[in-house]
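Asker: Provided below are the primary sequence and the corresponding predicted coordinates.
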Amino acid sequence: REREREVSPVTPTTLPSTALCNTAEQLYQQVSNPPAADKHAALVDQKENEKFAVAKRIAAAEKECESQEQALRHLEQTKGALQVKKESARVDVRETAPGNREEISLYSQLTGIKWNYDASDATSLRGYVVRKDGARPFVVNPATASKSFLANYLWDLCNN
């Protein structure tokens, strides 16, 4: 009798319609709620994607860092070249300064103009003109005034 109870293979034609619906619903449940292994695989894929995105950002940051380091090296080379030029200019000034000092001293004695070298810079020349009635200070900007204006202005200070 047990052999009679053996289950014959299930086919759509042998299943009653309710059994077929139950089987379809079970398949739907398996697809919509994957087993733990499928959930784990999905989580692993998500983490791999995140890892790839982080690695991509790291590579971009390293590339930017290398670019900045290269720019820094270029600026340091430029700085070195400018320092060499600056020192060269200082040497040139030292070599020509004694003659200029003598010439400036002669003009100063003739005109009464005394230069204030400490207060003068690239944008202004400062000094004063010594006269019998006192000293007259002056400040001129050589960048905005012409050479002839400067000469006339200083002569006027000396003569008046």
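Answerer: The structure has been received and is ready for your questions.
Asker: in a strand, that's where residue 105 is, yeah?
Answerer: No - using DSSP: H, G, I helix; E, B strand; the rest coil, the assignment for residue 105 is helix, not a strand.
Asker: report the separation between it and residue 86.
Answerer: 27 Å (C-beta to C-beta, to the nearest Å). Any C-beta I mention is one placed from the backbone N, CA and C, and that applies to glycine too.
Asker: if you average pLDDT over the helix or strand where residue 56 lies, what comes out?
Answerer: Assigned by DSSP states H and E, residue 56 belongs to helix 36-111. For helix 36-111, the mean pLDDT works out to 84.
Asker: that helix packs against which elements?
Answerer: Using 3 or more C-beta pairs under 8 Å, 6 or more residues apart in numbering; DSSP states H and E as the contact test, the elements touching helix 36-111 are strand 113-115, helix 147-159.
Asker: one more time with 10 Å, if that's ok
Answerer: For helix 36-111, the packing partners by 3 or more C-beta pairs under 10 Å, 6 or more residues apart in numbering; DSSP states H and E come out as strand 113-115, strand 125-131, helix 147-159.
Asker: which one, of those, ends up nearest to residue 74?
Answerer: With distances scored as C-beta to C-beta, the stretch of the helices and strands packed on helix 36-111 nearest to residue 74 is strand 125-131 (36.6 Å).
Asker: what pairs with that closest one, and is each one parallel or antiparallel?
Answerer: Strand pairing for strand 125-131, using DSSP bridges, gives strand 113-115 (antiparallel), strand 134-140 (antiparallel).
Asker: for the longest one, which positions count as buried?
Answerer: Judged by neighbour count (16 or more other C-beta atoms under 10 Å), strand 134-140 contains these buried residues: 138, 140.
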